[in-house]
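Trainee: no sequence on this one, just coordinates:
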């Protein structure tokens, strides 16, 4: 699996606003099926950043080609796709801490179960 950052810039905001509900429904489907990791518009509303985890650049292209924004003329000015290497991830840190806690908790339970003290 590869992670890709997709950066978009908006073109015609009137067109974009008209298509936005179907675009967001489409992204929700991608999130539900596990392809979309995260995404949203920039604070200045000039475009958006989307993070996808998919098998290949070709698989990502299929997703992008189905997006209502890309299917609607004058909606997007540009799309930039960059493969991205994740080094740090808050979720992995929390998951690792939880696993270590679980391991520690299980070891304590084993010790207590096998204790010979009255």
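Mentor: Looks like it came in fine. Owing to the predicted nature of the structure, the values given are computational and were not obtained by experimental measurement.
Trainee: Remind me which helix or strand the spatially most central residue of the chain belongs to.
Mentor: The residue at the geometric middle of the chain, judged as the C-alpha nearest the mean C-alpha position with C-alpha atoms, centre = their mean, is residue 37 (1.0 Å). Remark: residue 37 resides in strand 36-41, with elements defined by DSSP states H and E.
Trainee: Please list the residues outside that strand that contact it.
Mentor: Outside of strand 36-41, the residues that reach it under the criterion C-beta atoms under 8 Å, 6 or more residues apart in numbering are 3, 6, 27, 30, 47, 48, 49, 50, 51, 52, 53. (Each C-beta comes from the backbone N, C-alpha and C, glycine too.)
Trainee: On the C-terminal side of it, identify the next helix or strand.
Mentor: strand 47-54.
Trainee: so what secondary structure elements neighbour that following strand?
Mentor: For strand 47-54, the contact count by 3 or more C-beta pairs under 8 Å, 6 or more residues apart in numbering; DSSP states H and E identifies strand 2-10, strand 36-41, helix 57-66, strand 76-84 as packing neighbours.
Trainee: pLDDT value on the residue nearest to the centre of the chain, please?
Mentor: According to the predicted model, the pLDDT of residue 37 comes to 93.
Trainee: how close does it sit to residue 53?
Mentor: In this view, residue 37 and residue 53 are 5 Å apart by C-beta to C-beta, to the nearest Å.
Trainee: Which neighbours do those two have in common?
Mentor: Listed as contacting both residue 37 and residue 53 by C-beta under 8 Å, 6+ apart are residue 3.
Trainee: hang on, the earlier thing: any idea which of the helices and strands packed on strand 47-54 is most buried?
Mentor: Mean neighbour counts were taken over the helices and strands packed on strand 47-54 using mean count of other C-beta atoms under 10 Å, and the top value, a mean of 18, falls to strand 2-10.
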